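Chemist: sequence and predicted model, in that order:
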Amino acid sequence: MRHSLLNRLSQSKKLSCCVLVLAMHLTAPRASEPGDSLVRLVERFGEIYSQGRYADAAAIAADILAFLQEHRSPLDLDLAANLNNLGSLAFAQGQLDLSEPFFQGALRIYREVLGPDNINTASVLYNLAGLYLESGRSDKALALYQRALEIRIRKLSDRHPLVAETFNNIGFIYLSQGRDAEAEANLAKALHGWQEGTSGPFAAIALNNLAYLRSRQGRFSEAKSLCMQALAIEEQVFGTQHPEPAVTLLNLAEIHRRSGELDLAVSTVERALSIFEQTLGVDDPLAVESRRKLGEMAGAQ
């Protein structure tokens with residue numbers, strides 16, 4: 001997933017970026033070394049993908065997977081970084097089955113070369129966790145997020161942005177499981193870390209999730225306050241006519257609906273819908289979802 005606050009999950013919840021794409025830094029191919037064919041395939045994949053030729057890129061990715069299945073990949077850190085890139089690109093295209101072997105290949109190399117407690121190892125664990133969460137394997141995702149969190153706290157600090165986003169995603173899983181106390185504890189740490197560090201805008205993610213939690217608990221006044229804080233941050237960073245704050249407007253509308261303020265809910269969804277249609281198009285899933293919500297609310301009036 002891209003490094004953005006925007007997330008298209010429903011139910012008023014937001015994840016931080018699930019997948020971190022490591023910078024590609026392959027050295028020039030060296031024909032005399034083992035694994036050169038794989039390196040060339042990886043480089044070719046990057047070239048084709050950057051040109052937008054996704055079908056051709058997918059064919060090359062299949063060749064890379066076949067190579068990995070036939071040969072044990074060399075313990076090359078450049079290759080590990082690019083396998084992680086490949087996994088991230090496949091993930092972004094929704095090809096979850098394709099992305100997992102790339103992440104696993106990167107993880108094996110990092111573990112064997114750098115060790116199980118290296119920060120690069122933690123990044124791939126984090127990526128795999130996002131993949132498992134996206135594919136409905138939340139318990140497996142939670143275990144990997146927790147392992148990545150242990151490494152990141154030890155190697156960075158408990159207030160680093162990478163630590164904050166991991167706390168947020170752990171809190172998100174607990175939130176979806178109805179484990180409110182654990183969700184709140186982790187989301188509060190995410191919020192604190194983002195506010196204390198250099199990634200203040202990302203605090204809107206944790207604020208949205210905390211607002212959802214408060215709304216579910218029937219604490220609507222607190223939920224609205226948290227959601228409005230998130231909205232203010234996003235409008236300052238992105239502007240008032242950006243999809244990012246529009247997603248938060250949908251969250252706020254849901255709080256209004258749950259608290260019985262149907263007129264406010266309708267006007268807030270209409271505001272979000274206008275932004276989605278102008279910036280993303282009338283057929284975008286977020287626009288479609290907004291129109292569906294308006295239809296439901298109209299039927300309830």
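Modeler: Thanks, I have it.
Chemist: what does L156 show for phi and psi?
Modeler: Per-residue torsions, L156: phi -110, psi -100 (degrees, to the nearest 10).
Chemist: against N169, how distant is it?
Modeler: L156 sits 16 Å away from N169, going by CB to CB, to the nearest Å. Using the backbone N, CA and C atoms, a C-beta is placed for each residue, glycine as well.
Chemist: just V39 next, same as before
Modeler: Where N169 is concerned, V39 sits at a distance of 32 Å (CB to CB).
Chemist: okay, these two: which has more neighbours?
Modeler: Using other CB atoms under 10 Å as the criterion, V39 and N169 rank with N169 on top: 28 against 22.
Chemist: hang on, isn't that one packed against Y132?
Modeler: No. At 11.2 Å, N169 does not count as touching Y132 under the criterion of CB atoms under 8 Å.
Chemist: which neighbours do the two share?
Modeler: Common neighbours of N169 and Y132, counting by CB atoms under 8 Å, 6 or more residues apart in numbering, are absent.
Chemist: mind giving me the packing neighbours of whichever helix or strand S274 is part of?
Modeler: Using DSSP states H and E, the secondary-structure element containing S274 is helix 262-279. Applying 3 or more CB pairs under 8 Å, 6 or more residues apart in numbering; DSSP states H and E, one finds that helix 262-279 contacts helix 243-258, helix 285-300.
Chemist: quick one: buried residues of that helix?
Modeler: By neighbour count with 16 or more other CB atoms under 10 Å, helix 262-279 contains the buried residues L264, A265, V266, T268, V269, E270, R271, A272, L273, I275, F276, E277.
Chemist: what sits against G295?
Modeler: Contacts for G295 (CB under 8 Å, 6+ apart) come out as none.
Chemist: now do it, the pLDDT please.
Modeler: With respect to pLDDT, G295 has a value of 89.
Chemist: also L133?
Modeler: pLDDT for L133: 94.
Chemist: is it true that it touches A141?
Modeler: Yes. With contacts counted by CB under 8 Å, L133 reaches A141, the gap being 3.9 Å.
Chemist: what is the neighbour count of R137?
Modeler: That count, for R137 with other CB under 10 Å as the rule, works out to 14.
Chemist: that one and G130, how far apart?
Modeler: In terms of CB to CB, R137 sits 11 Å off from G130.
Chemist: low-confidence stretches in this protein?
Modeler: Counting by pLDDT under 70, the ranges of the chain that qualify are 1-36, 49-50, 54, 65, 68-69, 71-74, 197-199, 300-301.
Chemist: domains for it, by residue range?
Modeler: As assigned by automatic domain parsing, the chain contains the domains 1-200, 218-301.
Chemist: helix or strand: which one has the closest residue to I60 other than its chain neighbours?
Modeler: Sequence neighbours aside, F45 is the residue nearest to I60 in space, at 4.6 Å (criterion: CB to CB, 6 or more residues apart in numbering). Per DSSP H and E, F45 falls inside helix 36-50.
Chemist: then E235?
Modeler: In the assignment (DSSP H and E), E235 maps to helix 220-238.
Chemist: so what does that helix touch, helix or strand wise?
Modeler: Short answer (3+ CB pairs under 8 Å, 6+ apart): helix 220-238 packs on helix 203-216, helix 243-258.
Chemist: just confirm N118 contacts I109, I think it does.
Modeler: No. If you go by CB under 8 Å, N118 and I109 don't touch, sitting 10.8 Å apart.
Chemist: okay, the angle between the helix holding S274 and helix 285-300?
Modeler: Per axes from the mean of the first three to the mean of the last three CA atoms, to 10 degrees, the angle that helix 262-279 makes with helix 285-300 is 150 degrees.
Chemist: which residues sit against helix 262-279?
Modeler: Helix 262-279 has contacts (CB under 8 Å, 6+ apart) with 241-243, 245-247, 249-250, 252-254, 256-257, 284, 286-287, 290-291, 293-294, 297-298, 300-301.
Chemist: what angle sits between it and helix 220-238?
Modeler: Counting by the same axes, to 10 degrees, helix 262-279 lies at 20 degrees to helix 220-238.
Chemist: could I get stretch 238-247 in PDB with only the CA atoms?
Modeler: Output of stretch 238-247 as PDB, limited to C-alpha atoms (Å, rounded to 0.1, in the frame of the first residue of the first chain):
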ATOM      1  CA  PHE A 238      -4.200  18.000   2.200                       C
ATOM      2  CA  GLY A 239      -6.800  20.800   1.800                       C
ATOM      3  CA  THR A 240     -10.500  20.700   2.200                       C
ATOM      4  CA  GLN A 241     -11.200  19.200  -1.200                       C
ATOM      5  CA  HIS A 242      -9.100  16.100  -0.900                       C
ATOM      6  CA  PRO A 243     -10.200  12.400  -0.600                       C
ATOM      7  CA  GLU A 244      -8.300  12.000   2.700                       C
ATOM      8  CA  PRO A 245     -10.500  14.300   4.800                       C
ATOM      9  CA  ALA A 246     -13.500  13.100   2.800                       C
ATOM     10  CA  VAL A 247     -13.000   9.600   4.200                       C
END
